[in-house]
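In: sequence and predicted structure, then a few things I'm wondering about:
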Amino acid sequence: MAEEAEYIEISGRISSIIYTNEENGYTVLRLDTLDGGLTTVVGTLPAAYPGEELRAFGEWSTHPSHGRQFKAEYAERSLPHSAEAIYEYLAGHAVQGVGPATAALIVERFGERTLDVIEREPEKLTLIRGISARKAEQISASFRRQAGLRRLMEFLCSHELRPLLAVRLYKYYGDASMDVLGQNPYILAAPHIGGSFSEADTLALGMGCEGDDPNRVRAAAIFELRHNAANGHCFIPADKLVPATAQFISVGEEDVRGALESLEADGQLRRCEIAGRDACYLAELCEAEEYVSRRLLSLASSAPAGAVDVDPLIARLEAASSLTYAPAQRQTIALASRCRVMAITGGPGTGKTTSVRAILSVFDSLGIKTLLTAPTGRAAKRMSELTLREASTIHRLLGAGFSPEGEQVVFAHDEDDPLDCGAVILDECSMVDITLMRALLAALPEDCRLILVGDADQLPSVGPGNVFADILRSGVIPSIALRDIFRQAEGSRIVRNAHMIIAGEHPNFRENSGDFFLLRRGGEEAAAETITELCSERLPRRMGIPPEDVQVLTPTRKGALGSVELNRRLQSALNPPSKGKNERASGGVIFREGDRVMQIRNNYDIVWHRERGDGLPPESGYGIYNGDIGYILSVDSETETVKTDFDGRVAECGFDQLSELEHAWAMTVHKSQGSEYRAVVLALGRGAPQLMTRGVLYTAVTRARELLIAVGREETADQMIENHRQSRRYSGLRVRLCAGQGA
């Protein structure tokens with residue numbers, strides 16, 4: 001392999017394996033180096049066994065508990081050659097069916113030829129007492145599997161690719177992996193393997209693939225579609241996809257058009273006419289959009305069985321709660337009683353929660369079992385607190401998990417096993433992307449009602465689509481927009497200023513009173529210092545708001561006022577290092593006991609436990625999801641695990657999964673969607689124009705329940721209000737709903 005100049009090289013023979021993770025190949029081993037020393041080596045070294053020769057490239061590091069060790073970025077391995085080393089290899093259970101005793105007998109008979117005999121002449125193993133012809137073949141097959149994975153890993157490492165890709169490839173294709181790579185190296189970039197297009201391209205070009213090879217062009221087009229899906233687009237028009245792909249890999253547009261036809265022919269790509277555009281979809285996104293439109297239209301076209309006179313029910317609710325519902329709220333309740341699907345939208349203080357509570361009471365009186373759900377754990381918790389009813393995330397409600405192959409997300413509840421309910425109320429609907437909406441609709445029983453609740457002015461979902469906005473704009477689904485601010489909210493400057501901001505008006509930021517303040521700081525360094533002081537000193541001591549009730553929000557991840565740098569400062573102030581407080585470095589970030597962290601990827605396999613008290617037995621379950629906030633309870637260097645409390649659900653993950661966590665004292669406004677905090681400190685610094693928008697400012701302000709303190713330049717807030725830039729998303733849902741299309 002081509003050695004990187006910054007890497008150190010060490011060589012030797014593996015003496016023992018301390019730890020290995022079979023899923024990702026992460027290994028800790030002892031290496032007898034050529035100079036006679038004994039070194040600890042860590043890295044992705046799948047199927048490593050004692051006796052193997054190892055040549056590793058990486059760097060030295062110091063582990064807080066285990067001391068100096070060598071972190072291998074790349075490695076070359078070879079099978080042992082001497083009889084002694086071969087015995088160590090076989091005695092270490094490298095080959096299924098061979099333990100120390102059998103290894104001694106085989107090596108005693110065949111010596112340095114042992115491995116050749118096992119691989120090429122397994123029938124000779126029957127000369128050894130206790131090894132039948134069947135067992136000999138099993139031993140040989142096991143050795144060939146190990147040899148195949150090793151050759152595959154060494155091949156990828158020779159192209160400076162991650163060994164983890166070899167583990168995934170071999171898991172899926174077995175001994176055929178090398179043949180599969182030879183036919184199409186771009187299989188590395190397929191979702192079930194998880195490599196990037198860049199990694200696949202590096203391999204393909206290194207193997208002599210031509211720049212205009214059809215497999216390369218097809219992979220580049222799929223990459224463009226997946227990249228844009230991650231930015232919210234369900235499709236890309238062909239007249240944009242073709243030149244973008246051609247420019248990306250420097251090929252002719254005719255090559256790209258041919259690749260699109262090929263992808264369409266084998267079902268990876270779908271093309272539809274959307275508003276006069278030739279829309280190119282990933283097949284799964286097109287199917288999701290078609291399904292959602294078809295199911296919503298079906299719900300909208302039929303009424304629940306039995307007419308209900310809702311006026312007496314509303315009167316009883318008003319009497320019981322000493323409330324008088326506003327006309328729009330009465331209309332909302334009545335609409336929910338006679339429709340199978342409806343949408344409710346409104347900003348802060350407009351009565352969405354009161355309307356939802358009333359709808360719940362009406363459904364209860366009608367004997368309708370209602371489930372409450374939201375896209376994130378924080379949003380579901382808030383929904384529970386406001387309604388005094390149990391709410392769960394969509395993923396948990398549907399029983400999310402991985403397919404048996406571990407390649408894609410599947411749900412326990414779908415058309416074949418629907419939810420047991422008569423109605424579902426979905427809050428924070430603006431956060432739901434097209435694939436999650438498809439999953440929820442698929443799990444609804446045929447006679448189920450669906451109430452969609454959200455704020456149309458919030459930022460759209462992180463995933464593909466603009467589902468809630470498309471539903472409202474279509475005019476096809478019955479909907480109510482709550483606009484009037486109720487008296488109890490009129491005194492809140494947070495509420496009043498939020499409505500001014502989304503209307504394009506400029507609040508008086510110099511009126512520092514009530515629950516809304518702007519602390520002017522000309523420089524970003526001064527602003528960052530003020531934010532740190534607010535969280536660690538001023539708010540806890542002067543206003544009695546503890547740090548755990550304060551959330552710092554920022555439009556961006558980068559810069560002095562980005563979430564990364566602010567989290568570094570806040571960790572130093574709120575959870576500094578101390579004796580006896582364990583920590584672990586990962587990706588240049590220190591994770592320490594006591595840190596506030598956020599899960600940033602859905603992990604359906606993590607087991608959690610919760611103590612419930614009141615004599616109730618402990619509860620267990622699976623799954624920690626993107627956006628869940630927790631505190632690190634322990635960092636165990638012996639077991640290489642981190643234990644985190646996610647709002648009472650205690651989960652344990654390995655050090656290799658720390659990439660799924662990030663610090664959460666500060667977070668981007670996008671990450672805060674669906675949450676509400678007692679106090680919000682908003683950083684107003686520099687950022688890309690697409691981040692410094694009216695919608696981002698509005699979303700940040702509406703996250704605060706009792707107190708909003710903005711820190712920075714008043715001009716920045718004014719500029720964000722003026723920047724009503726709304727990035728266009730390519731989505732066909734509104735068109736399909738309006739046209740009555742579902743197939």
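Out: Looks like it came in fine.
In: wait, Ile249 sits on Gly211?
Out: Yes. Checked against CB atoms under 8 Å, the pair Ile249 and Gly211 is within contact range at 6.9 Å. Heads up, the C-betas are built off the backbone N, CA and C, glycines and all.
In: who has more neighbours out of the two?
Out: It is Ile249, of Ile249 and Gly211, that has more neighbours when counted by other CB atoms under 10 Å, with 20 against 13.
In: okay, the more buried one and Glu199: tell me how far apart.
Out: The gap separating Ile249 from Glu199 is 14 Å, by CB to CB, to the nearest Å.
In: name the nearest residue to His413, ignoring sequence neighbours.
Out: Excluding its sequence neighbours, the residue lying closest to His413 (CB to CB, 6 or more residues apart in numbering) is Ala443, at 4.0 Å.
In: sorry, slip of the keys, the one I care about is Ile139.
Out: Ile139's closest residue in space is Gly97 (CB to CB, 6+ apart), at 4.8 Å.
In: and what of Glu318?
Out: Thr324 (5.8 Å).
In: now do Arg449
Out: Ala423 (4.1 Å).
In: ok now do the one you found, which residues does it touch?
Out: Listed by CB atoms under 8 Å, 6 or more residues apart in numbering, the contact set of Ala423 reads Phe363, Ile368, Lys369, Thr370, Leu371, Cys448, Arg449, Leu450, Ile451.
In: let's see it at 7 Å
Out: Contacts for Ala423 (CB atoms under 7 Å, 6 or more residues apart in numbering) come out as Phe363, Ile368, Thr370, Cys448, Arg449, Ile451.
In: which residues of the stretch 351-500 of the chain fall in helices?
Out: Taking DSSP state H, counting those that start in this stretch as the test, the helices found in the stretch 351-500 of the chain are 352-365, 377-387, 394-398, 434-442, 467-474, 487-490, 493-502.
In: ditto for the stretch 51-200 of the chain
Out: Going by DSSP H, counting those that start in this stretch, the stretch 51-200 of the chain shows helices at 83-91, 100-110, 114-120, 133-158, 163-173, 177-183, 197-206.
In: and the angle from the fifth one to helix 197-206?
Out: When you say that, I think you mean helix 163-173. In terms of direction (axes from the mean of the first three to the mean of the last three CA atoms, to 10 degrees), helix 163-173 departs from helix 197-206 by 80 degrees.
In: what ranges do the strands span in the stretch 601-743 of the chain?
Out: 603-610, 619-624, 629-636, 641-646, 649-654, 661-663, 666-668, 677-684, 704-712 (DSSP state E, counting those that start in this stretch).
In: looking at these, which is closest to His227?
Out: Set against His227 and scored by CB to CB, these come closest in strand 666-668, at 19.6 Å.
In: direction included, what does the closest one pair against?
Out: Applying DSSP bridges, strand 666-668 is found paired with strand 550-554 (parallel).
In: other SSEs contacting the next helix-or-strand element following the partner strand?
Out: Remark: after strand 550-554, the chain's next helix or strand is helix 563-574, criterion DSSP states H and E. Here helix 563-574 touches helix 524-533, strand 550-554, strand 666-668, going by 3 or more CB pairs under 7 Å, 6 or more residues apart in numbering; DSSP states H and E.
In: from the contact counts, what lies against whatever helix or strand comes next after helix 563-574?
Out: Later in the chain than helix 563-574, the nearest helix or strand by DSSP H and E is strand 583-586. Contact here means 3+ CB pairs under 7 Å, 6+ apart; on that basis strand 583-586 packs against strand 589-592.
In: summarise which helices and strands the strand it packs on is packed against.
Out: Secondary-structure packing of strand 589-592 (3+ CB pairs under 7 Å, 6+ apart): strand 583-586, strand 629-636.
In: quickly compare those strands and say which is most buried.
Out: Of those, the one with the most neighbours on average (mean count of other CB atoms under 10 Å) is strand 629-636, at a mean of 19.
In: quick one, which of the helices of the stretch 351-500 of the chain is nearest to Lys581?
Out: The minimum distance between Lys581 and these falls on helix 377-387, with 26.5 Å, by CB to CB.
In: and for that closest one, what's in contact with it?
Out: Identification of contacts with helix 377-387 by CB under 7 Å, 6+ apart yields 353, 356-357, 360, 372-374, 390-393, 427-428, 625, 627-629, 647, 674-676.
In: let me see the mean pLDDT of it.
Out: For helix 377-387, the mean per-residue pLDDT is 89.
In: can you mark which positions in it are buried?
Out: Buried residues in helix 377-387, defined by neighbour count with 16 or more other CB atoms under 10 Å: Gly377, Arg378, Ala379, Ala380, Lys381, Arg382, Met383, Leu386, Thr387.
In: got the angle for it vs strand 629-636?
Out: Using the same axes, to 10 degrees: helix 377-387 against strand 629-636 is 130 degrees.
In: pull helix 377-387 out as PDB, backbone CA atoms only.
Out: Taking only C-alpha atoms (Å, rounded to 0.1, in the frame of the first residue of the first chain), the coordinates of helix 377-387 have been written out as PDB:
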ATOM      1  CA  GLY A 377     -38.400  12.000  21.900                       C
ATOM      2  CA  ARG A 378     -38.300  15.600  23.200                       C
ATOM      3  CA  ALA A 379     -41.400  16.500  21.200                       C
ATOM      4  CA  ALA A 380     -43.200  13.400  22.400                       C
ATOM      5  CA  LYS A 381     -42.300  14.200  26.000                       C
ATOM      6  CA  ARG A 382     -43.600  17.800  25.600                       C
ATOM      7  CA  MET A 383     -46.800  16.400  24.100                       C
ATOM      8  CA  SER A 384     -47.300  14.100  27.100                       C
ATOM      9  CA  GLU A 385     -46.700  17.000  29.600                       C
ATOM     10  CA  LEU A 386     -49.300  19.200  27.800                       C
ATOM     11  CA  THR A 387     -52.000  16.600  27.300                       C
END
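In: which residue lies farthest from the center of the chain?
Out: Distance from the centre of the chain peaks at Leu127, with 54.7 Å (CA atoms, centre = their mean).
In: what's the separation between that residue and Gly99?
Out: 18 Å.
In: give me the neighbour count for Pro617.
Out: Neighbour count for Pro617, taken as other CB under 10 Å: 7.
In: again with Phe363
Out: With neighbours defined by other CB under 10 Å, the count for Phe363 comes to 19.
In: what residues are up against it?
Out: Residues in contact with Phe363 (CB under 7 Å, 6+ apart) are Thr370, Ala423.
In: circling back: which stretch among the helices of the stretch 351-500 of the chain approaches Ile236 most closely?
Out: helix 434-442 (14.6 Å).
In: counting contacts, what elements does that closest one pack onto?
Out: So helix 434-442, by 3+ CB pairs under 7 Å, 6+ apart, packs with helix 283-300, helix 394-398.
In: want to throw these into CSV with mean pLDDT?
Out: Formatted as CSV, the helices and strands packed on helix 434-442 follow (pLDDT from 0 to 100):
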stretch, mean pLDDT
helix 283-300, 96
helix 394-398, 93
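In: what's near enough to touch the residue nearest to Asn723 when sequence neighbours are not counted?
Out: Excluding the flanking residues, the one nearest Asn723 by CB to CB, 6+ apart is Thr693, at 4.9 Å. Applying CB under 7 Å, 6+ apart, we find Thr693 in contact with Met720, Asn723, His724, Arg725.
In: Asp447 versus Thr693, what's the distance?
Out: For Thr693, the distance to Asp447 equals 42 Å [CB to CB].
In: could you do Gly491 as well?
Out: 44 Å.
In: now do Thr245
Out: Taking CB to CB as the measure, Thr245 and Asp447 are separated by 46 Å.
In: neighbour count winner among the two?
Out: Neighbour comparison, Thr245 and Asp447: the larger count goes to Thr245, with 26 against 11 (by other CB under 10 Å).
In: low-confidence ranges, the chain, go.
Out: Along the chain, segments meeting pLDDT under 70 span 1-5, 21-24, 64-65, 306-307, 402-407, 487-490, 741-743.
In: grab the nearest non-local neighbour of Leu682.
Out: Ala710 (4.4 Å).
In: thought the one you found was touching Gly685?
Out: No. Contact criterion CB atoms under 7 Å: Ala710 and Gly685 do not qualify, at 10.9 Å.
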